[in-house]
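Colleague: heads up, no residue letters with this:
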């Protein structure tokens, strides 16, 4: 796959260079305006049953990425700007990936995503044990995002403290469309993308290829990702079939976090031990999924299946992790309608089963080389779930939405490392019953109310279970699932075609909150424990305004008060302390301006200071960062479209911490973000649009 990608990308680059000078005789096509979608007709699909947003009793945000200007494509935060309650910390570290938290859920991991369910083109990126990796997601290929911010385990099961649904761009309307994109920038940034797609009769297809090279803004921070993806769709009478695949081959260095003293000395340095141990991650990930929908009786049957394989070589202090993962699952959903007092009741019934198999071996890290074997075990996770959802109108302006789900997970570790004289094989079983109920009241187009109660639960992941502070194998027998119950109320509405808004209030009571920590003997490696109980509560507000055609302003604010309720470690009492890693205040705004031929996007985000340890004795300072992008919508050169663009991130060159490592040993909490960064490029397309 690597050689094919390199050949294709080399051809794309040559094509772009050959045609760029032809803009001397170009004509500029008018840009599309970015008008907001009327809130009463916006359909939401993330809740399993397609519903109009005004009938949804949860905080939901939908983003159409088609009108946004080009971005570097380094992390998912670029696609989720101005979504209240969603904190995405871009570490600028492809060995660890971004950290995603929704209402404080998901702030605990040192790498990957926990506590939040992520679905990519219908394929779960979140494994049965609740861990999510997003290396295979090429941000530049995304076209639409949906987010539900309340507990959604009644529909999605494990790790559903919130749900993010990512969809790649739909195939072009014509029979063949080819697009090539070249982007270069500071810190050795080079991105090359190719997109080929089209439609013919009842069939559609799309193939995407990409390469991301990045030296990074710090020492020992380089990364290279090679992407491939595609989709094939076919309408079959009244039904349809869709097949999608994603693959990535990546190699990334990990510079590690820094202490406050190291930050003052040099924000661009890597932690010395990370360099000595050559920390990073090299891996391959490939997945294939298929979905078939067909009318059946008085309803519709949807059946989907997926399979994936993942292999990583992950040097961390003080070990090198060799992991081979295989996973797959099937799910069946049947939707239908029934009469209810002269009104239509919508119902959805579904079941799913997933399997995950991890072959894990750990070696002593000897300056980046494999030393003695320290752990060798097979880890198996099986999950089964069944759910029911009902959407019932109670009047012309009142809609009820309820659901219930049962999940059971089995964890098994088989220890093959007997040199230590102990067999640490073992089993864990965890289950949960997750109900939810909500009501939406639409008093007028300009004003509607909703209220709901929902649940979420998160099992410890296999990585968290296998990381035992005493160094033994098997699974940690003391870690328990985290459970939460959320009460939520809100309002939403629209003011003609000029503005739309949403407001949400929530309180989540959490039991057995999972918290990461480090130990002196193994700095840089995170272990986990249950923190007793916690309370998450907050306020979220978002609005979009279009005062004139071609001008769109979106703004979002979130107040998140996440605190331990009862939490004691030995003689230390952390009751009422803020949960580390969660920003209490976050504000984001984006301004999109389309004055005729031009595209101008301006965005700013503010993050309040946040605690980085359970004791709340250290804090990462508040910061505000502004980004700007500009370009031309489309230059027509014969039968070829050329769209040049330029952008500056962190325009005012602020010093800030892009992310933190919670409870890090030695005070190495901080992962610094880059200073002012410039990028520029162009998209070239030809064929049907």
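Modeller: Cool, got the structure. For clarity, every value in this text was computed on a predicted model and none was experimentally measured. Numbering: from 1, shown residues only.

Colleague: pull the number of nearby residues for the closest residue to residue 673 other than its chain neighbours.
Modeller: In space, not counting the residues next to it along the chain, residue 673 is nearest to residue 658; the distance is 3.4 Å by C-beta to C-beta, 6 or more residues apart in numbering. All C-beta spots, glycine's among them, are computed from the backbone N, C-alpha and C. The burial count assigned to residue 658 is 23, neighbours taken as other C-beta atoms under 10 Å.

Colleague: listing partners with orientation, what would you give for the strand or helix carrying residue 658?
Modeller: Assigned by DSSP states H and E, residue 658 belongs to strand 657-660. When pairing is defined by DSSP bridges, strand 657-660 lines up against strand 670-672 (antiparallel).

Colleague: same question for the next helix or strand after the strand it pairs with, mean pLDDT?
Modeller: Proceeding C-terminally, strand 670-672 gives way to strand 677-687 as the next helix or strand, assigned by DSSP H and E. Averaging pLDDT along strand 677-687 gives 94.

Colleague: got it, and stretch 389-399?
Modeller: What stretch 389-399 shows for mean pLDDT is 88.

Colleague: and it, which residues are buried?
Modeller: Along stretch 389-399, these residues count as buried under the neighbour rule (16 or more other C-beta atoms under 10 Å): 389, 390, 391, 392, 393, 399.

Colleague: again, but for stretch 291-301
Modeller: Quick answer for stretch 291-301 (16+ other C-beta under 10 Å): 291, 292, 293, 299, 300, 301.

Colleague: ok, now stretch 123-135?
Modeller: Buried residues in stretch 123-135, counted by 16+ other C-beta under 10 Å: 123-135.

Colleague: how long is it end to end?
Modeller: Start to finish, the residues bounding stretch 123-135 are 14 Å apart (C-alpha to C-alpha, to the nearest Å).

Colleague: go through stretch 66-73 and flag the buried ones.
Modeller: Buried residues in stretch 66-73, counting neighbours by 16+ other C-beta under 10 Å, are found at 67, 68, 69, 70, 71, 72, 73.

Colleague: ok, now stretch 509-520?
Modeller: Using 16+ other C-beta under 10 Å as the test for burial, stretch 509-520 gives 510, 511, 512, 513, 514, 515, 516, 517, 518.

Colleague: rewinding a little: what mean pLDDT does the strand holding residue 658 get?
Modeller: Here the mean pLDDT over strand 657-660 is 95, rounded to a whole number.

Colleague: residue 448: what's its closest spatial neighbour, skipping adjacent residues?
Modeller: Closest residue to residue 448 in three dimensions, ignoring its sequence neighbours and counting by C-beta to C-beta, 6+ apart: residue 442, at 4.2 Å.

Colleague: quickly list what residue 505 is bridged to.
Modeller: With DSSP bridges as the criterion, residue 505 is bridged to residue 489, residue 539.

Colleague: could you number the chain from 635 rather than 1 from now on?
Modeller: Sounds good: first residue 635 from here, last item residue 1139.

Colleague: quick check: it touching residue 1125?
Modeller: No: under the criterion of C-beta atoms under 8 Å, residue 1139 is not in contact with residue 1125, lying 9.3 Å apart.

Colleague: ok so, going back, now for the buried residues of stretch 1143-1154: which two are most distant?
Modeller: In terms of C-beta to C-beta, the buried residues of stretch 1143-1154 reach their longest pairwise distance at 1145 and 1152, which sit 24.2 Å apart.

Colleague: tell me where the model's unsure across this protein.
Modeller: Scanning the chain for pLDDT under 70 picks out the ranges 635-676, 701, 1054-1055, 1101, 1104-1108, 1152-1159, 1323.

Colleague: how about the helices in it?
Modeller: In the chain, the segments counted as helices under DSSP state H are 636-653, 787-790, 894-899, 906-911, 1096-1100.

Colleague: what's the spacing between stretch 782-792 and its chain's center?
Modeller: Counting by C-alpha atoms, centre = their mean, to the nearest Å, stretch 782-792 is centred 15 Å from the centre of its parent chain.

Colleague: can you check stretch 998-1014 too?
Modeller: Per C-alpha atoms, centre = their mean, the displacement of stretch 998-1014 from the mean C-alpha position of its chain is 29 Å.
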